[in-house]
Structure formats: structure tokens, C-alpha cells
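Q: give the three-dimensional model of this entry:
(chains A and B)
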Amino acid sequence: MINLGVIETRDKILAGETTCESVVLEYIQKIKSSKTNAVLEVFADAVDLAKEMDKKIKSGFKGKLAGVPIIIKDNILVKGKHASAGSLILKDYIAEYTSTVAQKLIDAGAIIIARANMDEFAMGGSTETSYFGKTLNPHDLTRVPGGSSGGSAAAVAENLCAASLGTDTGGSIRQPSSYCGMVGVKPTYGRVSRFGVIAYASSLDQVGPITKSVADNALLLEVLSGADINDETTEHLQVEEYTNYLNQDIKGMKIGVVKQVDNITKGLDTEKNYNDIKTFLKNNGADIVEIEIPHLELVLPVYYIIAPAEATSNLARYDGVKYTRRSEDAKNLEEIYKKSRTEGFGSEVKRRIMLGNYVLSSGYFDAYYNKARALQAKLREEYLDAFKNCDVILMPTATGEAYKLGAKSNPVDAYKEDIFTVSANITGLPCIAVPYGVGPNNLPIAMQFLAPHFEEKRLYKIADFVEKNKEAK
Amino acid sequence: MNYDVVIGLEVHAELKTNTKCFCSCKNESGNEPNTNCCPVCVGLPGALPVLNKFAVEQTIRAGLALGFEINKTAIFERKNYFYPDLSKAYQISQLVKPICINGSLRVGEKDIPINRIHLEEDAGKLVHANDGSTLVDYNRGGVPLIELVTEALQEPHIETADEAIEFLEKLRQVYIYAGVADCLIEKGQMRADVNVSLKPKGSKEFGTKVEMKNIMGFKSVHRAIQYEIERQRDILDDGGKIEQETRKWDDDKGISFTLRTKENSQDYRYFPDPDLLAVEIDDSIIENVKNTMPMLPQELKNKYMQEYGLSEYDADVLLQFKHVSDFYNDCLSGYNQPKTVCNWLTTEIMARIKTETGAGPILISKQNLIWLMKNVDDKKINRLSAKEVLSQIWGTDLNAEEEAKRQNLIIDIDTSALDGIVKQVVENNANVVSQFKETGDSKILNFLVGQVMKETRGKANAGDVMAKIKDIVNS
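A: Residues are numbered from 1 along each chain as shown, chains lettered A, B, ... in the order given. So this is what the prediction gives:
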């Protein structure tokens, strides 16, 4: 059972071939023997909830996710459960309310069985910055699973759950999905509620599903999407049935390839996969259209100004005064702040807090933050212009396969890894990472498709076609 | 040396709304600590603010009442600083695009320009416990505040402590009448920060500003400004330089002391709050606020003087407290005698409600007061008796008419009986009557009236009695 995806698991449970309880027990068993450190905690009530779900199903419940065991990232709140965002400062924090996304999963019948490891406060691309230790890539235990949703991606890849939730601020769902061979989606900004999700950079954060198949992903996003009165930034647009856009032909579909991306990709490990998929798409009747995003290379500086600026403010509330861990040495108010935060945050988080404070400081604000915001608007315009000539835009997800643990200890090297993923966050566009071939070490590599705002259905259509036909070439 | 004084004011007022600014907790005080809070106003992880649209409307209302322009698009920003009463370590406020810009308020003969009114959230409160520890109560956290800032760069300026107080009093009155804030000073619902600078008389260049924060009450504001003007004048007269700083006023000692100098001033690192959308304020919203704007003090004053013929003094007395003015209008709707009602309110009622700091509630119903006023006018009860009844029923559930009847104060004595009593009194006081004949002293006449009233136990009309006495005496 535990190698099955969301739809198969649900159908077998609903058909009475197995029970939610037995599937959950099987997963918990598997988690216990896992060597990847993908999971931080199995929730104590998982089996009880599964038993209740079996009763509910017997009495006719047919939710979209009936009985499906799901793992959530450690920054998504469920009332009464720990949520630490991979940080010492929130190590003992227990959520006092349930996030909208978790509630939607629960309402659809899913069982949230555990929480997954992550880079501290989602800052990182390898899950190596977690206070609770590194997570290993299930395909090669000497390599990183990617990040920051590395635990979520590794958990699905290792069959510790049917699917998981991650969050994506600069590629944190899609890059680990690529490294772990999974399907990951960063929805349009405003498609999914952020209420109850521990913020990193509020204008960029989105929750999204990590799954074994495109179909599973489409189903999960149907459940997660929608306006939320608790999140002003959610859009009041009707949620589409993304699963209706599967199994379609892509003949005549216009695939944009970005000139600047072609240049950057030259010589990278993903170059072969990127060129192969272009051929594959052309052979299957899609039109490859060359487009330009003139300022593409500036996405990184834009991202590394806006994200830390927001993060520095978002993380200020973890001050040792209220619910966060307080330094035992603190003797007065100033020491409560300084020592609690010095002890409680890891070095990557501190680096970004300092970066953010710097760019927001008086005298630097216009030179950095305002300039970055202006460029962000420019980039958004360039992408929207590009979409006048194509239906989706294709690009690699990462520069290559999952790298070795500790290989990117220089932060700037690590930041450069985000070159293909941050565009979607900076512009708010939806983006899917779907596996396409392997790299030099036989490890998975994913390609990305971007679509115009709220056109997730196009992503599912093209990615489903790629997934189902890639073997045929 | 002679100096020009320039005074700037930043005035915070708690808005009147049902709920807090960014969550659905109640906007009320007096609860047990930390019981009127939710994940949003306590700043729990993952909690997001959702703007209270009515708070925006109230801010627009405050702005329109003071002739402000309303920005079509307003933006909320984060003001970042650490303090335990600030749950998120940032305050949601407005810097670049506040809701209201460019207003003014008339003080004496000057229209004092006002830069802005913006909407922001209040912080919680620190409570210092007996054991030396400090506790935080977040009940007040997230309560909507409007901050008004006078325009420092444009003339005319507020130049004296008296003008500053007049500005604050008038502002308070406008807020109260517009229904945007209760402004109870003792509850901290209206607070002022003051800045003062001095420059050589006639100089175009401004002097160095010194700010004073957290001054409680208008009297203290007055004292603090006086103190600061003197302090700066002394320094300048001695050839010294004014340091740019923030000072704290100590009301007990009557002095201020340095809180922060420019070197360690805070950098609030404002930036747009990504959790909140820009607020689009279209004309229909502004129209709606205009259409629901209650009458403001100046309009009411004009009405009272022009339509009702009241003196400026009486109009000001009525308008000093909104509940008095409201009660006045309530009474008029049942008894349309503007001057009579005004007289009763400005004397009898004001005397009973006026306190050292303001005015308490009016503890008589409009029906009862109208009954008393009307029956005095109709000569059914004497003014003195009516005042007695007023005292009897004030603050009780008693009915004026029943009380007057119970005490037998209704004028119902018949003419022949009254004539008899008058005759009797005149005869019994022959000496006094002859004195009156000689001098025409009205005191003597009043004495005689009083005697008759005593005999009738107040049941005769004093005017009638006086006429009758004069008739007899002069015949």
C-alpha cells in the first residue's frame, strides 16, 4: 500500500480493500525505520484519527482525500501540535490554532500523520540549516534532498506518506521535488491561504503539494485552493477542478523557451534534460516559441533583497518574551532579546535577518528595497509580455542533480542555485516541477513550467502529458 | 532676546469601533488581562491581519470633519521596533500614504494646518507586579488608533501653550461630535506628543525640535510646553545650543528629562506590510461617510445662535459636552422652546453634572424634565417647586408629575381663596406694607409674596400673587 499515491490510496480505502488505520500504521512503521531524518515527529493521534476516519467512511463519507495519510512541513500549524519551523527558538512551540490549509486537508478526509524537517524558517535549499539535523536524500543518502521543503519531498520519495505539503518562497517546493524525483507545485500567489503558516517572506510564500504524480498534485491543489477570510492576499476566484485537465493532447500548445535561460543552462548538468524535453515536446506537436526575459538574471538580487527584508520583520516576533524559547542566561529585557535570539536562531537565519535590516535601514532603503521592488514590477511585466506569445514557459528547476551534503557551504554558491526557481515567486506566477530524466549520477532531475496567474490548469495539462509520455520520447 | 515659538502636536485617539483594527476581537477596555486577544493581536506564528473596514471609514470621517483630503489609495506599513507590549515587534501603521492628508483646525483666528491623519494599531500594556516582575496585557493590542500630526513647515503655527490646549480641546470636541472617538482622557483614549522649537524672532530658519512623549492630560501638556519654552529660552539666552532629543515629562516634579538623543534614535525600517492589500478608497465610500456625518460643533453652534436665538455663551456651554447638546436636542423634539430648555440645561442640569475633569451623566429623563419646564411655563407649578422636584427625582426612577402631586405642589388654589389669603397677609403685615408704600423696595414686595406662598404652601402662582398684592397696596 505504501508505494501508492493519493488517488490510489483513497480509492482502495473507499473500496474497502484496506482501511485508513492499516495504511496509517504501515506508514508509521516505515517512518520509524527511515534513515533520512525526513520526519521530525509522528503525531500521536494519527492512528486514532485513522480509526475515526474508517468509521466515517463506513457511514458514507467520500471526501476527496478520504483516508489519505499526508505529512506537512514543520511550518504549518495544527492546533495542539508542535510547529517549530526547523528552529530551536520554536522548539517547544505548540500551535494554538489550525492553519487554513491543514483544515482543508482534514475536511477533505486526509490524516495528517507527521511533520517534516525543513531548513530553519524555510531559509535554505538543502534542509541542512534545520536545528533538528540534516535530512538525507532517499535516492542517495550522501546527498541533500534539497530544500527548504526537503523533509516533505524526501518523505514522499521514501514512501513515508501518500503526499506532503511544502511551502515555496524561492523554490522551496520545486527544487527538493526535483532532487527527490517528485512533482511539486508553487501555486499562483493568492491561490492558497497562508493563514497559520509560519511566514518567511509574506509576499512570496505559498503552500503547495508535493506528490508522486501530476494527477495527485492536481487533486491536492483543488482541495487547498480558495479565498480565505483570514488571509487578505487570497484571491476571490472560483477554484477550478484541476483534475479535469489531465490526459489531454498538447498539439499546438505554445511552449515558451527563454533565451536568457538557454544561455545560463549551457554547461549545466540539467542542459541535456532541458534540450531533450524541448525535442520531446516538439515531437509531440507542441510549438516551441523563443521568448526573452531581458532582466532574468536580476531575479536573484531582487529575491535576496525582498525576502530578507520581509523575513527580518516576520521573525522579529520570536523575541523570547512570549511563546518562544527564552535564554536561561537573560537577566534583563535587553538580554532576553539578544541572548534568546542569538541562541535561538541558526547562522543562515541570522545572516538573512542582518541582510534584511541592512536593506531596510534609513539611507539604504531606496537604494536596495525600493529598487528591488521596481525591478520586481519590471520582471513581472516582462513575464506577462512573454505570455502574450506562449501558453506556458519551460525552464530547468535546478542547475543539476541533488548535490553532496555540505557541498554548498558558501552561501552565495547556494543562493545561485535558485536562479530558475525564484522567478515564479518574484512574479507570483504558478509553477510546476515535473521529473524529466536523470542526471550524470542517475539521480532525478525535474523541469519546470510556468503559466500566467491562476492558470494552474495549463501546468497540470502539460506536466501530466510529460509524465505519461516521456518514456515514449 | 525675543524668540518665535513653534509647537507641533501628534495626537493619538482610540477609534470607536466594535472590533479591533486587524482582527475580530472586541474593541473594549476593562477585561481581565489577556482575555480579549486572539492569534492575530498576540502575534502568534502564522497569524495574519485582516483590515477592519469600519476603522478606515471612521478615519475618513475624522478627516472629513477636519476638512482633509482623502487619499484614493492608502497603504499600511510596518514600523519595526522591539518592545514587550508590541506583540509582533512591529506596529502596523501608515507612513507614505496615510488615509487623510492636508487638513486644518481653527484656533482663535488661525487655521492651524494639519499634515495628516493615519490609522494604526495600539500596543498592549505593561503591568509592573509587586514582586518586581513585569507582565504584559495584550487586550489593548490591535485597538485602532488615529494619529494626527500638525504641519510643521507651514504657517500659521501653534505658538503658545494656550493655543496648543485650545487645539486639543477643539480637536477632541470634533472627534466626539463626529462619533469617531470618545476621547476619555483619564482612560488614555486621547494622548498627545508635543514638539517645541524656538527661533530668533522673524527668522525663516527653524530651530532644533525637542519632542516630549506620553504626557497625560491637557493640564500637563500645558505645563510641559511652558517648561520646555523656558528651558530652551534659557539655553539660547546663555548662548547654548538645543540638542535634538526626546524628553519625558515628569508631572509630579514639574520637569522633563532626556529620554533619547539623536544618536540613539530608533530606525523603524518602515516598509509596506505584505500581508495587507493597498486600501482603495473610492468616491462612493467618501460620499457614504459624508452622508452619515453627524452635525459638528461649529454647525450646531450656528444653528443654536441663528435658528434658536441663543447667545454665543449659551451655545458654547451647551456644546461643551456632547451628551448635553444631544439632550438639548432631544428635549426640543418634545418641547420646542429653545431658550427655556437652554436655561434649564445651562443652569440646573450643568450644576448637577459638572465635575472637575468633565461632566457626568444626566440623571433625569427627557420626559420628566419636559414636564417640569412645561408646567412652569404654563404656571401649573412654581419654578422653585419644580427645582425641588428636580432634586427629588434626580438619579431615581421617580416621575416628576407624580412627585409634584404627592408633594401637593400643583397650582390649583381658586381665586377667591387666594384673594382671601392675600388680604389676610396684607392686613397682618401692615407695617411692612406701609414701608413698601414709602420706598417701593422690591425686596419688601418679594417678602410679602413669600408670605402668601407660604400660606398657600406653594400652590399659588407667584406672579399672580405679586399682581394681587400690588393691586391691594396701590388701591
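Q: just how off-centre is the strand or helix carrying residue B:388 within its chain?
A: In the assignment (DSSP states H and E), residue B:388 maps to helix B:383-393. Distance, stretch centre to chain centre, for helix B:383-393: 29 Å (C-alpha atoms, centre = their mean, to the nearest Å).
Q: try stretch A:211-223
A: 13 Å.
Q: quick check: mean pLDDT of that stretch?
A: For stretch A:211-223, the mean pLDDT works out to 98.
Q: and stretch B:135-144, by the same measure?
A: Averaged across stretch B:135-144, the pLDDT comes to 96.
Q: could you dump it to PDB, C-alpha only?
A: The C-alpha trace of stretch B:135-144 is given here as PDB (Å, rounded to 0.1, in the frame of the first residue of the first chain):
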ATOM      1  CA  LEU B 135       3.700  41.400  32.900                       C
ATOM      2  CA  VAL B 136       2.200  42.200  29.600                       C
ATOM      3  CA  ASP B 137      -1.600  42.600  28.900                       C
ATOM      4  CA  TYR B 138      -2.300  42.400  25.200                       C
ATOM      5  CA  ASN B 139      -6.000  43.300  25.500                       C
ATOM      6  CA  ARG B 140      -5.300  46.800  24.100                       C
ATOM      7  CA  GLY B 141      -3.000  45.400  21.400                       C
ATOM      8  CA  GLY B 142      -4.600  45.900  18.000                       C
ATOM      9  CA  VAL B 143      -7.100  48.600  19.100                       C
ATOM     10  CA  PRO B 144      -7.500  51.100  16.200                       C
END
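Q: please identify the buried residues of that stretch?
A: B:136-144 (16 or more other C-beta atoms under 10 Å in any protein chain shown). For glycine as for every other residue, the C-beta is placed from the backbone atoms N, C-alpha and C.
Q: how about the helices in the stretch 101-250 of chain B?
A: Under the criterion DSSP state H, counting those that start in this stretch, helices of the stretch 101-250 of chain B are mapped to B:161-178, B:218-237.
Q: remind me which residues of the chain are low pLDDT?
A: I went with chain A, as the question did not name one. Screening chain A residue by residue with the criterion pLDDT under 70, one finds the ranges A:472-473.
Q: distance of the residue nearest to the spatial centre of it relative to residue A:86?
A: Compute the mean C-alpha point of chain A, and by C-alpha atoms, centre = their mean the closest residue is residue A:173, 2.1 Å away. Remark: distance between residue A:173 and residue A:86 (C-beta to C-beta, to the nearest Å) = 15 Å.
Q: looking at the helices of the stretch 101-250 of chain B, which is closest to chain A?
A: Closest to chain A of these is helix B:218-237 (C-beta to the nearest C-beta; 26.4 Å).
Q: which neighbouring elements make contact with the closest one?
A: strand B:3-14, helix B:161-178, strand B:190-200, strand B:210-215, strand B:245-250, strand B:255-261 (3 or more C-beta pairs under 8 Å, 6 or more residues apart in numbering or on different chains; DSSP states H and E).
Q: so for it, mean pLDDT?
A: Rounded mean pLDDT across helix B:218-237 is 95.
Q: again with stretch B:320-340
A: Stretch B:320-340 shows a mean pLDDT of 95.
Q: distance from the chain centre to that stretch, please.
A: Offset of stretch B:320-340 from its chain centre (C-alpha atoms, centre = their mean): 17 Å.
Q: residues contacting it, please?
A: Applying C-beta atoms under 8 Å, 6 or more residues apart in numbering or on different chains, the external contacts of stretch B:320-340 come out as B:173, B:176-177, B:300, B:304, B:307-310, B:318-319, B:341-342, B:345, B:349-350, B:353, B:358-359, B:361-362, B:366-367, B:369-370, B:373-374, B:377.
Q: tell me how chain B divides into domains.
A: The record's domain split for chain B, according to automatic domain parsing, is B:3-286, B:415-474.
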